[in-house]
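# sequence and predicted model, in that order:
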Amino acid sequence: MLVEVVQAVVTGLLIGLTFAVLAVGFSLIWGTTGVVNIAHSAFAVLAAFLSLVASRQWGLDPIAALVGLVPLFFILGVVLHEVLIKVAARRTKELGLASMIFTFGLASFMENGMAYVWGPGPRVLNTAYTGAAVHLLGISIPLTHAYGALLGLATIGLLYGFLYHTFPGKAVRAVWQQRDGAALCGIPLHRVTALTYGVSIASASVAGVAMALIYSFTPATYMVWLVNVFLIVIVGGVGSLLGAAAAGLIVGLVSSLSVLVMPFVWTNLALFGLLILVLLVRPSGLLKR
Amino acid sequence: MSKSTRREFLTKAGIGAGVLFLPGISLTVRASSAPIKIGGSLPLTGAYADTGLWVERGYRYWAEQVNASDGLLGRPVELIIYDDASQVDRGISLLERAITVDRVDLLLGGYPGTTAAAQMAVAERYRKVYVSMGGHMASFQRGFRYSFGAPPLMGEWWYEGAFQWLESMDPAERPKRAAAITANNAVGMAVRGGLADGLARSNIELVMDELYDLPLASAEPLVQRAKALDADMFIANGFFGDGVQTIRAMRALDYNPKLILQGIGSLIPEWVQELGEDGNYVVSGTALHDKLPFKGVEELNQVARERWGLRNAPEYFLFGYAWMQALQQGVEGAGSLNQDAIAQYLRTEGIDGIAGRMVFDERGLPPAFSYTTQVINGQVELIWPLHVRTHEPVYPKPPWGR
């Protein structure tokens, strides 16, 4: 039984970190600009497809492919801000609601585009270490999960360092905390929000690769991933980097430990029960941003 | 009345009769050469488009064949196929449109099971014969008279062949303890429905029986539990995505049961393409297969090779063709487009097509059957029943990586 518990904890932590990296970028944009970017997980799926192409056509390991994907997605994030978000922000007073609708449209457009290019069928990212595991004291650690979690950990760590120890990162945090005050201090709001979009979508590319190491995916998978993203961001606190990381770990642990204490089918009941509890007790989420 | 008047009268009567009858004759001639319209909807875009497009190809190839020969009842056929975008409600309204606006003579079966089950009710309301896969057993237990599964895709029968194969083994060789995980939806539950009886017949104890909601966040806890319970048979009543996760988790946790039964997913080409060697030795069931020894199957394989460069005909291409073939035999057997006569013919005489010989009961179903498949060397082989076997089963499953 002990082995089962430890195995479940290890698996839960690994899966949780992978989910967390998918959620942090989403949380960052929501917290900074009030935009609920439904297309965030569609960008992650796009990264998964591109890493698959890199793997099959050029034999590149998906993690190595991130060297090209991260800058590319950073640019995509900036373009998204300049072409869509900035225009929409200028023309609507209800940016939160409007952004949900038009980023949903963007996500649908991306889904259809991916289905056109790669087909609607399921895909699996295979690597040299797929199916391999490290075995320690009766515990198995699948390498795909371990690498996914390491990617998550590294991304969250880098984001933390960026936000708390660099000037542009501090500017992003200043815009979160008091937009008008930040502007009065001479922080260029448009440049900072464009930077936030770049960083957020770049993190989605890492998340897409990390998720694809573990899960199969189709162009429509973004909706499935989005449900977890919402759950994690609301439990962790909108805009909170460490909150998203903590909530990701909690979601992973609840998912994997539940089989030991109750029918597995009740997992979602437990997760959404947790969500309701958090909303009742701490409506702003587990951690402050 | 004078003679001339009588002649005038007869002339006028003759002309009148001609005027009355000629359009009738020309109308009859026109009607007999007018195409028979067959309509319905398929998921040509959306979540099920990948499979729906193959069903459409099966339908269109059948129509091509019929039109190239003598037609159906001597008339050409015209297919009206709407795209329901993989949405059940659109499938319902488009089938109604085909019936009421296009006034089709015959209906096309829809896909997947959820749409087919809903369309069966529409077909019943308009008293039109509807040949499709159906939506598992529940959809055929509604007392409908015009719906037929020819062949059906019946979750409840999925493992029937596999259990027959297990029963044929020496009891000492059979697995002793089974662990089952099931996707918590209509398809998963239908597949799970046939388990209890099959396991009891094979004297296999069910030591774990877990349900999960899709998407499956992590298969590891379930696989770990099955391993801890020492289950030497693992039954995954799920789909491609969760099936892939399960296989990967089994390999990562070095869990090596003697037998893996997989619900849906291992028959589609992606299973082998995407999983590679890890996809081997998984056992599943089907109602139709490209290696069945029935008349017409090889011709369809040939078509798939020539037109799409495939090794064999995809399963849903075969399904599409088989459903149209059943409808055709019903129409030809009835000798008319009378829907009651077609339904009656299918129930009493049955059909003989690429899915074998089938006679349908009151529910519109043939007797329970399933062909058991196993992925061997990247190929989906038939292992049961014996008369269709294309490869010896690999049992027990070799450990991962060997």
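Sure, I can see it. Note that this is a predicted model, so its numbers are computed, not measured.

# tell me which parts of the stretch 151-300 of chain B are close to chain A?
Counting by CB under 8 Å from any CB of the partner chain, the stretch 151-300 of chain B comes close to chain A at B:181, B:184, B:210-213, B:215, B:217-218, B:220-222, B:224-225, B:228, B:240-241, B:244-245, B:248-249, B:251-254, B:268, B:270, B:274-276, B:278. For every residue, glycine as well, the C-beta is placed using N, CA and C.

# drop anything exposed from these.
B:181, B:184, B:210-212, B:215, B:217-218, B:220-222, B:224-225, B:228, B:240-241, B:244-245, B:248-249, B:251-253, B:268, B:270, B:274-275, B:278 (16 or more other CB atoms under 10 Å in any protein chain shown).

# now, which of those lie within helices?
Cross-referencing those against helices under DSSP state H gives B:220-222, B:224-225, B:228, B:240-241, B:244-245, B:248-249, B:251-252, B:270, B:274-275.

# spatially nearest residue to residue 51 (excluding sequence neighbours)?
Using chain A here. In space, and not counting its chain neighbours, A:Ser51 is closest to A:Pro62: 3.9 Å by CB to CB, 6 or more residues apart in numbering or on different chains.

# could you do chain B instead?
Of all residues not flanking B:Thr51 in the chain, B:Tyr316 sits nearest, at 4.8 Å (CB to CB, 6+ apart).

# need the nearest residue in space to the residue nearest the centre of chain B, chain neighbours excluded.
In chain B, the residue lying closest to the centroid (CA atoms, centre = their mean) is B:Met133, at 3.8 Å. With sequence-adjacent residues excluded and distances taken as CB to CB, 6+ apart, B:Met133 is closest to B:Leu153, at 4.0 Å.

# check contacts around that neighbour.
Residues near B:Leu153 by CB atoms under 8 Å, 6 or more residues apart in numbering or on different chains: B:Gly113, B:Met133, B:Gly134, B:His136, B:Ala287, B:Phe319.

# can you name the two of those residues that are farthest apart?
Comparing every pair within the contacts of B:Leu153 by CB to CB identifies B:His136 and B:Phe319 as the most remote, at 14.9 Å.

# how close does B:Thr373 get to chain A?
19 Å (CB to the nearest CB, to the nearest Å).

# tell me what the helix or strand that residue falls within is packed against?
Using DSSP states H and E, the element containing B:Thr373 is strand B:371-376. Applying 3 or more CB pairs under 8 Å, 6 or more residues apart in numbering or on different chains; DSSP states H and E, we find strand B:371-376 packed against helix B:160-167, strand B:282-286, strand B:379-384.

# which parts of the first one are buried?
Read it as helix B:160-167. So for helix B:160-167, counting by 16+ other CB under 10 Å, buried means B:Glu160, B:Gly161, B:Ala162, B:Phe163, B:Gln164, B:Trp165, B:Leu166.

# tell me, what's the model's pLDDT at the fourth one?
Translated: B:Phe163. Listed pLDDT for B:Phe163 reads 96.

# hang on, it packs against B:Gly198?
Yes. With contact defined as CB atoms under 8 Å, B:Phe163 counts as touching B:Gly198 (3.4 Å).

# which parts of the chain are strands?
The chain I'm using is chain A. A:133-136, A:139-142 (DSSP state E).

# I was thinking of chain B, sorry if that wasn't clear
With strands called from DSSP E, chain B shows them at B:36-42, B:77-83, B:106-107, B:130-132, B:147-149, B:177-183, B:205-212, B:233-237, B:259-262, B:282-286, B:351-353, B:356-358, B:371-376, B:379-384.

# distance of the closest residue to B:Pro215 other than its chain neighbours relative to A:Phe19?
With CB to CB, 6+ apart as the criterion, B:Pro215 has its nearest non-adjacent residue at 4.6 Å, and that residue is A:Val224. A:Val224 is 12 Å from A:Phe19, where distance means CB to CB, to the nearest Å.

# B:Arg357 now?
In terms of CB to CB, B:Arg357 sits 52 Å off from A:Phe19.

# who has more neighbours, the two?
Between B:Arg357 and A:Phe19, counted using other CB atoms under 10 Å in any protein chain shown, A:Phe19 has the larger neighbour count: 29 against 10.

# so where is chain B shaky, pLDDT-wise?
Within chain B, the segments meeting pLDDT under 70 span B:1-32, B:402.

# try 50 this time
For chain B, the stretches with pLDDT under 50 are B:1-4, B:16-31.
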